[in-house]
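K.L.:
here are the coordinates; sequence isn't available:
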């Protein structure tokens, strides 16, 4: 059965195509009686409006903003590259993409960046920000002004966003905990955890899942107080080197970025015993660490897939549609030395 068209609506309503167009695009200048006829005809024929075609007919495109952390970690660089590739692919669809940044883990800088987003010039914004009250308040303000909000990679609590696109970070943490204990012949001793910042919801969720599994399945392991490396390679290196110098470690769990620093620390350690080391995101440093037997496992999310999914959902949100939460799920991949490219 062919899909109903605007011609079918006009025929059913017994009005002109121009009248149907004016009603569907809310241009005004149509009598109430004719509006009612068109609306009834739409319902009867089952006509579904092609929003993209409507936008093209009005010469209107889509205006998207991506707000990402500054500092250019390897993972963020991969996101930016994926956004650039996807933006080029969808340019023919009149989608304009503006990539902006704010200081990593700095809520004041994030609020300032969000305030620079003009609701009059933005249909939808995808944000990777801290889940703190002042940021959520600014996101809620933008939503109130008509901007649809998508949280990317790291979620924020409602009412700060319309949908989250990214992996289940609590599950990712549980996976890390399970592999950590299973990789140890005798899981008794201390485990170092390096987060970027626990103000980032993805990092807090990973930590929660990790601790849950360690406490329930490997009670002989002692998770040391969490240190924050703020995704800075030098800081991460200093944290890891100091911890390994202070006492033997059974494991190291790196929740955030800056893992070139962790790789450096592992290379420079004088200890004959290397701790089981698990981290996130398959960056160049992570690949090198796996290949050289300095890292054991990497839990990865595919940034290109996340960006493609995000852009598709953003277009639907901009068209006024609702997006089922399941559309934002991004699967996790496991890499070890044997399957890394």
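P.N.:
It's in. Small disclaimer: the values here were computed from a predicted structure and weren't measured. Residues are numbered from 1 along each chain as shown.
K.L.:
What ranges does the stretch 151-300 of the chain have for its strands?
P.N.:
Ranges of strands within the stretch 151-300 of the chain are 163-165, 189-195, 221-223, 227-228, 251-254, 276-280, 297-301, based on DSSP state E, counting those that start in this stretch.
K.L.:
which residues are contacting the second one?
P.N.:
When you say that, I think you mean strand 189-195. With C-beta atoms under 8 Å, 6 or more residues apart in numbering as the test, strand 189-195 has contacts from 180, 203-204, 206-207, 210, 214, 220-224, 226-229, 236, 239-240, 243-244, 247-256, 262, 275. In this view, the C-beta of every residue, glycine as well, is placed from N, C-alpha and C.
K.L.:
Which ones among the residues you listed lie within helices?
P.N.:
In helices, defined here by DSSP state H, the members of the contacts of strand 189-195 are 180, 203-204, 206-207, 210, 214, 236, 239-240, 243-244, 262.
K.L.:
Output these in TSV; the columns should cover neighbour count.
P.N.:
Supplementary listing: the ones in helices among the contacts of strand 189-195 in TSV, determined by neighbours: other C-beta atoms under 10 Å:
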residue	neighbour count
180	28
203	27
204	20
206	30
207	22
210	26
214	26
236	27
239	22
240	28
243	19
244	21
262	28
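K.L.:
Make a markdown table out of these and add distance to residue 19 and pLDDT.
P.N.:
Formatted as a markdown table, the ones in helices among the contacts of strand 189-195 follow (distance: C-beta to C-beta, whole Å; pLDDT from 0 to 100):
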| residue | distance to residue 19 | pLDDT |
| --- | --- | --- |
| 180 | 67 | 97 |
| 203 | 55 | 97 |
| 204 | 55 | 97 |
| 206 | 56 | 98 |
| 207 | 59 | 98 |
| 210 | 61 | 98 |
| 214 | 67 | 98 |
| 236 | 64 | 97 |
| 239 | 68 | 97 |
| 240 | 70 | 97 |
| 243 | 73 | 95 |
| 244 | 76 | 94 |
| 262 | 66 | 97 |
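K.L.:
so of the strands of the stretch 151-300 of the chain, which one's packed in deepest?
P.N.:
Mean neighbour count, computed with mean count of other C-beta atoms under 10 Å, is highest for strand 251-254 among these, reaching a mean of 27.
K.L.:
what helices or strands is that one leaning on?
P.N.:
With contacts taken as 3 or more C-beta pairs under 8 Å, 6 or more residues apart in numbering; DSSP states H and E, strand 251-254 sits against helix 169-182, strand 189-195, helix 233-246, strand 276-280.
K.L.:
quick one, which of those is nearest to residue 37?
P.N.:
helix 169-182 (51.4 Å; C-beta to C-beta).
K.L.:
So for that closest one, what gets flagged as buried?
P.N.:
Neighbour-count burial for helix 169-182 flags 169-170, 172-181 (criterion: 16 or more other C-beta atoms under 10 Å).
K.L.:
What helices and strands are in contact with that helix?
P.N.:
helix 201-217, strand 251-254, strand 276-280, strand 297-301, strand 332-335.
K.L.:
For residue 72, which of those is the nearest?
P.N.:
Of all those, strand 276-280 sits nearest to residue 72, with 17.2 Å by C-beta to C-beta.
K.L.:
I'd like to check the angle between the closest one and helix 233-246, please.
P.N.:
160 degrees (axes from the mean of the first three to the mean of the last three C-alpha atoms, to 10 degrees).
K.L.:
Tell me how far strand 276-280 lies from the chain's centre.
P.N.:
Centre-to-centre, strand 276-280 and its host chain are 21 Å apart (C-alpha atoms, centre = their mean, to the nearest Å).
K.L.:
Direction included, what does that strand pair up with?
P.N.:
Note on strand 276-280: by DSSP bridges, its sheet partners are strand 251-254 (parallel), strand 297-301 (parallel).
K.L.:
picking that back up, now the helices and strands packed on strand 251-254 in TSV, with distance to residue 339?
P.N.:
Converted to TSV, the helices and strands packed on strand 251-254 look like this (distance: least, C-beta to C-beta, whole Å):
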stretch	distance to residue 339
helix 169-182	14
strand 189-195	25
helix 233-246	25
strand 276-280	15
